[in-house]
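Peer 1: got a predicted model here, sequence first, then my questions.
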Protein chains: 2
Amino acid sequence: MSTNYPDFIAHIRRYVELSDQEVKVLEKYVQPVELKRREYLIKEGEVCRNNYFVERGCLRMFFYNDKMVEQTTQFAIETWWLSDYFSLARQSPSEYSIQAVERSFVVAVDYSLQDKLFSELPQLEHYFRIMMQRALAASQLRVKMIYQLSKEEMYTHFVSSFPQFFQRVPQYMIASYLGLTPEYMSELRKRR
Amino acid sequence: MSTNYPDFIAHIRRYVELSDQEVKVLEKYVQPVELKRREYLIKEGEVCRNNYFVERGCLRMFFYNDKMVEQTTQFAIETWWLSDYFSLARQSPSEYSIQAVERSFVVAVDYSLQDKLFSELPQLEHYFRIMMQRALAASQLRVKMIYQLSKEEMYTHFVSSFPQFFQRVPQYMIASYLGLTPEYMSELRKRR
DNA sequence: CGGTCTCTTGACGGAGTTCAAAGCTAGTGG
DNA sequence: CCACTAGCTTTGAACTCCGTCAAGAGACCG
């Protein structure tokens, strides 16, 4: 079978049935996006119009805090979905930017056509329900980690849970994601 | 129309069509639960088997941190869903307890029957997809607040955003939810 | 090689925690 | 309906984790 999105389609098929013909239908609703390192999918102030699936590469979502320092709130690598779901639902300006950490290949699903897509391919509603629930589970876990771990434990927990990340992503982004300063994280590294 | 879950059904009907006959079908999949103040829906270590909808009252989800202090991570009041979605998906023991803050009426949806329910009433999959996405948006916003606000700002933001909560829920639970000690929150109250 | 990101070091300060104890409130049972 | 008690909130003092600032050392890219 030929598709422009082999990993994307394969991922969906891990959860629902999708004939080759239905793949053709799906392809009408999605857009491929190739991003260079540091390129943006959306910038703060824009309305978020797509749900993004990472085929290859790595994205991050961040906002500027009161000191105009970038605060990374989420990463997404292969097979993960990323979007500002608040902006998406309300079609309100996003307070986040979404940027490629490295060269990335992304599938963009137009949110305004999502209902139409689901009426054509009802099994995709099932797939998306599972993805949203999975993301929610991850987000609950994230909040728990923030509340139960000290900054030092956050760091060691992250290092042992996602060692791959460490090579791919600049330190200061990880520090920001973990809610600590690059300076303090540098001190923590030294301790081990 | 007669149902045991007027608010529950009304809430679903805000998002999808549901005939009176379909309501009868739905009712086979759900259980009413009435809880006294401090009663538990699940306790730490048990597997979470239901998704809970709050008809009346208030629930909280919490875990015990390393000092055996209760750490509240979520509240749920009328029309909100609450569950440990990690435990639900994996059918693994939950690290949380879910408890009624006040006398509450809850609708429990058996997760093991959910796929069957969706095959009988496909529009409920749509409803749940929306609920999961809404909860995810709320969780993203929560993480953003944690990262951008100081403890003092967390407090004032919470007070102005959810003044009703303040009457209903003990201070120490709110303090815990906001990630600060009761002692420090007491000091913050004094400042205003 | 030059310049711009990125990471490290160390001194200092303050927001927020910890501990202990007293004061208050509300729920329960008599 | 009152009184008792367990649970909740407040106070204050000591302490500490972690952020801030400033400056220097690498590292990566054109």
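Peer 2: Right, received. Where do you want to start? Numbering: from 1, shown residues only, chains lettered A, B, ... in the order given.
Peer 1: C-terminal to the worst-scoring helix or strand of chain A on mean pLDDT, what's the next element?
Peer 2: Counting by mean pLDDT, DSSP states H and E, the weakest-scoring helix or strand in chain A turns out to be helix A:163-168, with a mean of 84. Using DSSP states H and E, the helix or strand that follows helix A:163-168 in sequence is helix A:171-178.
Peer 1: what's the angle from the helix or strand that that next one is followed by to helix A:171-178?
Peer 2: Proceeding N to C from helix A:171-178, the next assigned helix or strand is helix A:182-191, under DSSP H and E. On the basis of axes from the mean of the first three to the mean of the last three CA atoms, to 10 degrees, helix A:182-191 is oriented at 100 degrees to helix A:171-178.
Peer 1: can you tell if the least confident helix or strand of chain A touches DNA strand C?
Peer 2: No. Figure legend: helix A:163-168 not in contact with DNA strand C (CB under 7 Å from any atom of the strand); closest approach 9.7 Å. C-beta: built from backbone N, CA, C; applies to glycine.
Peer 1: where is the longest helix in chain A?
Peer 2: helix A:122-148 (DSSP state H).
Peer 1: and the angle for it with helix B:122-148?
Peer 2: Here helix A:122-148 runs at an angle of 30 degrees relative to helix B:122-148 (the same axes, to 10 degrees).
Peer 1: list the buried residues for helix A:122-148?
Peer 2: Within helix A:122-148, the residues scored as buried using 16 or more other CB atoms under 10 Å in any protein chain shown are A:124-140, A:142-144, A:146-148.
Peer 1: ok, stretch A:69-81 next?
Peer 2: Buried, per 16+ other CB under 10 Å, within stretch A:69-81: A:71, A:72, A:73, A:74, A:75, A:76, A:77, A:80, A:81.
Peer 1: list the contacts of the fourth one.
Peer 2: Meaning residue A:74. Contacts for residue A:74 (CB atoms under 8 Å, 6 or more residues apart in numbering or on different chains) come out as A:60, A:61, A:82, A:177, B:140.
Peer 1: that one sits in which helix or strand?
Peer 2: Here residue A:74 is assigned to strand A:70-76, by DSSP H and E.
Peer 1: now that strand against helix A:171-178, angle please.
Peer 2: When the same axes, to 10 degrees is applied, the directions of strand A:70-76 and helix A:171-178 differ by 80 degrees.
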